[in-house]
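Participant: My questions are about this predicted structure, shown below with the sequence.
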Amino acid sequence: MYVAQIRFAMPSEADEEQALEAINLFLGSLRGNGQLCGAEISLLAATQGYFSFVLIPDEDALDAAHYNRYAKQSLEDFKKIGLVAPEFTIIGQDTDAADSCTCATSDWYILFTTYLSLESPLHCGNCFGPIALYRIAPTYDDAEYYDIHCWQADYQACDQLQMNCQTLERSATRQLSQLNSSLSRQGRKICKKITQASTIPTFYYLYRDKGNSREEEVSRLCPSCHQEWFLAEPVHGKFDFKCDRCHLLSNLAWDVR
């Protein structure tokens, strides 16, 4: 990911209330399209305009070529109220973030996130690098990825609860680990959409917390088709189970790993 500055110059004759509304709609459309990372977007007032400092998935993430219809409409609204087009500056690379996928093609995708993640939850199955959402076909309203953003927020909330081990730990863990939980159904529906639109198989990860023994864990069957799915070598050091029939991944229980 990269840190970028967006400058919104505001002519003295522009209406401030209208300008702020248009700016926030524009930033929201970029986030909805996967061009911005994370849920929090700051907007700072400055002399003759506003600045926003944002995380973006790739250096070219703010290129107009990636805009959806909402971003394009926002820029048209800018013209109507006397605002000029925003100016973008790449400040530098976020050294703590995972490198984005640079594969020419991906053989498969993985839908995966954690409570700490800011990047896209869609990962390349080949390199495990995150893939900016605007690089795949829209999964919601033919223009954005609202369903993916909702799933990621819900997943991260559950992951945070199970990590805290205080409130709703068991309920959150069930959502993360059970095939037919509402969270898993939501995620698998997204995977199916991506698979159908891209023809690239998209796998869903089922979290595994506790087990009785390593021997019992290794013999676990796929919870969907009940066939063997244990791997001799884990994929990307994370996934010990992979079912190519059901597009599911999982891990050996952490307490017996």
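Facilitator: Arrived safely. Just so you know, these numbers come straight off a predicted model, no measurement behind them.

Participant: Could you pull out the helices in the chain for me?
Facilitator: Ranges of helices within the chain are 16-32, 69-80, 146-164, 169-177, 182-198, 214-218, based on DSSP state H.

Participant: So in that sheet, which strands flank the helix or strand of the chain with the lowest mean pLDDT, and in what orientation?
Facilitator: Across the helices and strands of the chain, mean pLDDT, DSSP states H and E gives its lowest value to strand 44-46, namely a mean of 88. Strand pairing for strand 44-46, using DSSP bridges, gives strand 49-56 (antiparallel).

Participant: Let me see the mean pLDDT of the partner strand.
Facilitator: Averaged across strand 49-56, pLDDT comes to 93.

Participant: Could you count how many residues lie near G38?
Facilitator: 12 (other C-beta atoms under 10 Å). The way it works is simple: take the backbone N, C-alpha and C, and place the C-beta from them, glycine included.

Participant: same deal with E233?
Facilitator: That count, for E233 with other C-beta under 10 Å as the rule, works out to 6.

Participant: so what's it up against?
Facilitator: Taking C-beta atoms under 8 Å, 6 or more residues apart in numbering, we find E233 in contact with no residue.

Participant: just to revisit the earlier point, so can I have CSV of the helices of the chain showing mean neighbour count?
Facilitator: Below are the helices of the chain laid out as CSV (neighbours: other C-beta atoms under 10 Å):
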stretch, mean neighbour count
helix 16-32, 18
helix 69-80, 15
helix 146-164, 18
helix 169-177, 18
helix 182-198, 17
helix 214-218, 14
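
Participant: okay if I get these as CSV plus mean pLDDT and distance to D255?
Facilitator: Converted to CSV, those look like this (pLDDT from 0 to 100; distance: least, C-beta to C-beta, whole Å):
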stretch, mean pLDDT, distance to D255
helix 16-32, 92, 37
helix 69-80, 92, 46
helix 146-164, 97, 13
helix 169-177, 97, 13
helix 182-198, 98, 21
helix 214-218, 94, 10
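
Participant: Nearest to W108, out of those?
Facilitator: Closest to W108 of the helices of the chain, according to C-beta to C-beta: helix 182-198, at 9.3 Å.

Participant: now the closest one and helix 146-164, what's the angle there?
Facilitator: Calculated by axes from the mean of the first three to the mean of the last three C-alpha atoms, to 10 degrees, helix 182-198 forms an angle of 140 degrees with helix 146-164.

Participant: Count the residues that sit near Y140.
Facilitator: Y140 has 15 nearby residues by other C-beta under 10 Å.

Participant: All good on my end, thank you.
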